[in-house]
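Q: output the structure for:
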Amino acid sequence: MADALTTLDISAEFPIVNTLAFFNHAGVAPISARAADAVHEYARQASYSAYVKASWYARARQVKAAAAKLIGATGEHEIAFIANTSAGLNLVARGLDWQRGDHVVITNVEYPANRYPWEDLTRLGVRVTEVAQLPDGSIDVEEVIDAITDRTRVVAISHVQYASGFRIDLKPIADMVHKAGGYLCVDAIQSVGAIPFDVHTMGVDFLAADGHKWMLAPEGCGIFYCRHDLIETLHPAVIGWMNMVDAANYGDYRFEFERDARRFEPGSYNIPGILALGASIELLLEVGMDHVWSRINTLTTRLCEGMAAKRYRVFSPRGDGQRSGIVSFDPPRRDPSNSASAKQIVADLQKLGIIIVMREGRLRASPHFYNTEAQIDRLIDALP
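A: Numbers count the residues shown, from 1 in each chain. Below you'll find the model as predicted:
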C-alpha cells in the first residue's frame, strides 16, 4: 500500500494538474482519470450494444462493497446508492416514525442539506435544537451532548463542517444519543475520501455522502449507509419497483420491501455515475486512506504555515482530531463587513490558474492528496 502512492502517475491519474492548481475539493472536485475512463467505456458500450453485453448491475454490487470498505461498513448490504447527500439525509428525516414532542439536535453552521430536512419536521411537532459554533470555529462536543434529552431521536451533524473545516469527535455524541434511545446521522461529504472513516468505531447509525467532493467522482451519485439492524426501522422515502423483493418479476405484484439497503433504492441506477464512483473509490483504497490523509494533512499544514508568514489568519481549527482537508482563512486586516477583497482574491487567483473559493465571507482552500507542495507554494506566493 505504501508503494501505491509513490508509484502513482499523478499527471496521468489527475490530468488537471497539468492545467490548474486546483484547491476546491470541498466544492466540486475533478474526477479521476479512472472515473472518466469508466464513463467513456459506459458510453461506448451503451451506444454500440445497449445493455446486451453489459454487466453493469454486477459491477454496481462491487462498487457497494468498495464503498463499504471505504467507510468501515460490514458489507454491501448496508450501502444504498443515492442521487446526492440531501436524498440520503431525507431517507432518515422522512423514514423514521416521528411523534409530536420528538427532538432533533443540529448545529447552527450546517450546510443547508443537513438543516432543512430536520427543520421541516417542526410541522409534525418535532423540536429542533441548534448548538452554536464557537468563535474559534469549533463546536463543543459537550454542548452537543448537553442538548440531548430523553426525547432526542436524532443528532444530525456534519463530520467536517463545510465553511470552517472543523472536524468533530463523533463517538461521544453517538454514545450519548444511543443512551437516549436515538440515532446519530452524519453528513460525511466533507470527510469520506479525505479522512479515514469507520462507521462502527465512530458509532454512526446513518451516513450520507455524495461522490463529487473528496471521493473524486461525478455529481449526482453518492452513498447512503444504514446500520444493518436499523434498515427495517426506516420506511423508504420514495417507493418504486426496485426496492421490492423479487423486483425483476414485474408482473407478480408483491408489496414487500427488500431487507437490506436496497429497500432505499426505488428505481433504475445512475449507471455511469456508479461506474465512475467505483473507479475513484478503488483508487483511494489502492493508495490507502491513511496515506491519503497523511498527504492532505501535510499539504494543509504547509499552507497554514505559509499564510501565517504573510499575516493571513487561519480560521479553521487545527488541533489534533480537529483538522480536515479544508482551510478557511482571512486576508490581513479583513473588514468583516466587506467581503469584496476576498472575492477579488478568488478572481485574481483564478486568472493565474489557481482555484480556491469564498465561503461565509472567508477564503477556503481544500487540497487533495494528489496536489503537490509546489502547487501549495504557488498559492502562497500568489496571495497578495
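Q: how close does the closest residue to residue 12 other than its chain neighbours sit to residue 253?
A: Excluding its sequence neighbours, the residue lying closest to residue 12 (C-beta to C-beta, 6 or more residues apart in numbering) is residue 33, at 6.2 Å. Just so you know, the C-beta spots here come from the backbone N, C-alpha and C atoms, and that holds for glycine as well. Taking C-beta to C-beta, to the nearest Å as the measure, residue 33 falls 45 Å from residue 253.
Q: which one's more surrounded, those two?
A: In terms of neighbours (other C-beta atoms under 10 Å), residue 33 is the more surrounded of residue 33 and residue 253; the figures are 19 against 8.
Q: got a list of what the more buried one touches?
A: 12-15 (C-beta atoms under 8 Å, 6 or more residues apart in numbering).
Q: show me which of these are buried.
A: 13-14 (16 or more other C-beta atoms under 10 Å).
Q: now secondary structure, distance to residue 81 and pLDDT too, for the contacts of residue 33, in JSON lines please.
A: Formatted as JSON lines, the contacts of residue 33 follow (DSSP: H, G, I helix; E, B strand; the rest coil; distance: C-beta to C-beta, whole Å; pLDDT from 0 to 100):
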{"residue": "12", "secondary structure": "helix", "distance to residue 81": "28", "pLDDT": "94"}
{"residue": "13", "secondary structure": "helix", "distance to residue 81": "24", "pLDDT": "95"}
{"residue": "14", "secondary structure": "coil", "distance to residue 81": "24", "pLDDT": "97"}
{"residue": "15", "secondary structure": "helix", "distance to residue 81": "27", "pLDDT": "96"}
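Q: would you mind giving the contacts of residue 33 as JSON lines with distance to residue 48 added?
A: JSON lines is the format used below for the contacts of residue 33 (distance: C-beta to C-beta, whole Å):
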{"residue": "12", "distance to residue 48": "26"}
{"residue": "13", "distance to residue 48": "27"}
{"residue": "14", "distance to residue 48": "29"}
{"residue": "15", "distance to residue 48": "26"}
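Q: wait, which of the contacts of residue 33 is closest to residue 132?
A: Closest to residue 132 out of these is residue 14 (38.2 Å), distances taken as C-beta to C-beta.
Q: wouldn't that closest one be in contact with residue 30 here?
A: Yes: Residue 14 lies in contact with residue 30 (C-beta atoms under 8 Å); the separation is 6.6 Å.
Q: and residue 252, how far is that from residue 267?
A: Residue 252 is 18 Å from residue 267, by C-beta to C-beta.
Q: those two: which has the busier surroundings?
A: residue 267 (11 against 8).
Q: which residues of the stretch 151-300 of the chain fall in strands?
A: All strands of the stretch 151-300 of the chain, identified by DSSP state E, counting those that start in this stretch, fall at 152-158, 183-187, 206-210, 222-226.
Q: can you put those strands in TSV and add distance to residue 48 and mean pLDDT?
A: Formatted as TSV, the strands of the stretch 151-300 of the chain follow (distance: least, C-beta to C-beta, whole Å; pLDDT from 0 to 100):
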stretch	distance to residue 48	mean pLDDT
strand 152-158	43	98
strand 183-187	40	98
strand 206-210	30	98
strand 222-226	29	98
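Q: next, format these as TSV and append distance to residue 61 and mean neighbour count.
A: Below are the strands of the stretch 151-300 of the chain laid out as TSV (distance: least, C-beta to C-beta, whole Å; neighbours: other C-beta atoms under 10 Å):
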stretch	distance to residue 61	mean neighbour count
strand 152-158	29	24
strand 183-187	24	27
strand 206-210	19	28
strand 222-226	13	28
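Q: of the ones you listed, which approaches residue 329 most closely?
A: strand 152-158 (19.6 Å).
Q: so what pLDDT did residue 3 get?
A: We have a pLDDT of 61 for residue 3.
Q: no wait, residue 34
A: If you check residue 34, the pLDDT there is 97.
Q: so what's it up against?
A: Counting by C-beta under 8 Å, 6+ apart, residue 34 touches 13, 279-280, 282-283.
Q: in which helix or strand would I find it?
A: Per DSSP states H and E: residue 34 is located in helix 33-49.
Q: and the average pLDDT for the longest helix anywhere in the chain is what?
A: Determined from DSSP state H, the single longest helix within the chain is helix 289-309. Mean pLDDT, helix 289-309: 97.
Q: in helices only, show me the contacts of residue 34.
A: Per DSSP H, the contacts of residue 34 map to helices at 13, 279-280, 282-283.
Q: which residues in the protein form helices?
A: With DSSP H as the criterion, the chain has helices spanning 2-7, 10-13, 33-49, 56-71, 85-93, 116-119, 141-147, 170-179, 199-202, 271-287, 289-309, 340-351, 373-382.
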